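Student: Sequence first, predicted model second:
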Amino acid sequence: MIDGIRHNIPFLSSLMMHERWRSARLSTGFIAEEYEGGFVAQEPTGDLAHLLAVVATLVDHIGNERKRKISGQLRNGAPVQFARERVCMLGDQRFDVSLESQGEALIVRFSDGDNRAHRVSSDWRPGDLVFEGDVDGHQVFVQTRPIFNGFELSHQGVSVAARVYTVARRSLWP
């Protein structure tokens, strides 16, 4: 695969979120001291992981909506239907989610015990480098880069491969 020039936005974002940077306790050795061995983008955890799972789910949904409009997919005159239950993988983290359309927005509900639901909307389109959208009433910006079967998402100094899959149903065949 040929890839474009990479950049240091995840590093700069990590730098801006670093407590020592924010408190202005800097020195000429700051980067060497705090990023010993070089910068490695961390995978998201907690609320940030849920936020990126919501964004990944909407990005995947938008791509699926676009694919549904491709001609020749109609079966017996009925439009192609996609399952509403999905699995969102952020690196090795698994999030089971269900989708529900609400006008121009999507409700993404997590089934991880407390059944959290998030309302997300965006004008993002495949090919856009930055996801700009609304998640639960907050404006969110996430860098997106297509990868095989998904996207690399970068936000607040973390970067993760995001892939969304339809939940496999048991076969009717023995």
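Tutor: Perfect, I can see it now. Numbers count the residues shown, from 1 in each chain.

Student: how about the nearest residue to the residue most central in space within the chain, chain neighbours excluded?
Tutor: Among the residues of the chain, residue 56 comes closest to the average C-alpha position under CA atoms, centre = their mean, at 2.8 Å. Of all residues not flanking residue 56 in the chain, residue 162 sits nearest, at 3.7 Å (CB to CB, 6 or more residues apart in numbering). C-beta coordinates here come from the backbone N, C-alpha and C atoms, glycine included.

Student: Tell me where the protein has strands.
Tutor: Remark: strands assigned in the chain by DSSP state E are 85-90, 93-102, 105-110, 117-122, 130-135, 138-147, 150-155, 158-166.

Student: now the ones you listed in CSV, with mean pLDDT and mean neighbour count?
Tutor: Converted to CSV, the strands of the chain look like this (pLDDT from 0 to 100; neighbours: other CB atoms under 10 Å):
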stretch, mean pLDDT, mean neighbour count
strand 85-90, 93, 20
strand 93-102, 91, 16
strand 105-110, 93, 19
strand 117-122, 94, 18
strand 130-135, 95, 17
strand 138-147, 93, 15
strand 150-155, 92, 21
strand 158-166, 92, 20
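
Student: just so I know, which of these lies nearest residue 34?
Tutor: Closest to residue 34 of these, according to CB to CB: strand 158-166, at 15.9 Å.

Student: helices and strands around the closest one, which ones?
Tutor: With contacts taken as 3 or more CB pairs under 8 Å, 6 or more residues apart in numbering; DSSP states H and E, strand 158-166 sits against helix 9-17, helix 46-68, strand 85-90, strand 150-155.

Student: ok so, going back, pLDDT wise, what is the residue nearest to the centre of the chain at?
Tutor: Turning to residue 56, the model gives it a pLDDT of 95.

Student: That one reaches residue 87, doesn't it?
Tutor: No. Residue 56 is beyond contact range of residue 87, at 10.8 Å (criterion: CB atoms under 8 Å).

Student: quick one: contacts for residue 62?
Tutor: Contact partners of residue 62, counting by CB atoms under 8 Å, 6 or more residues apart in numbering, are 122, 124, 125, 126.
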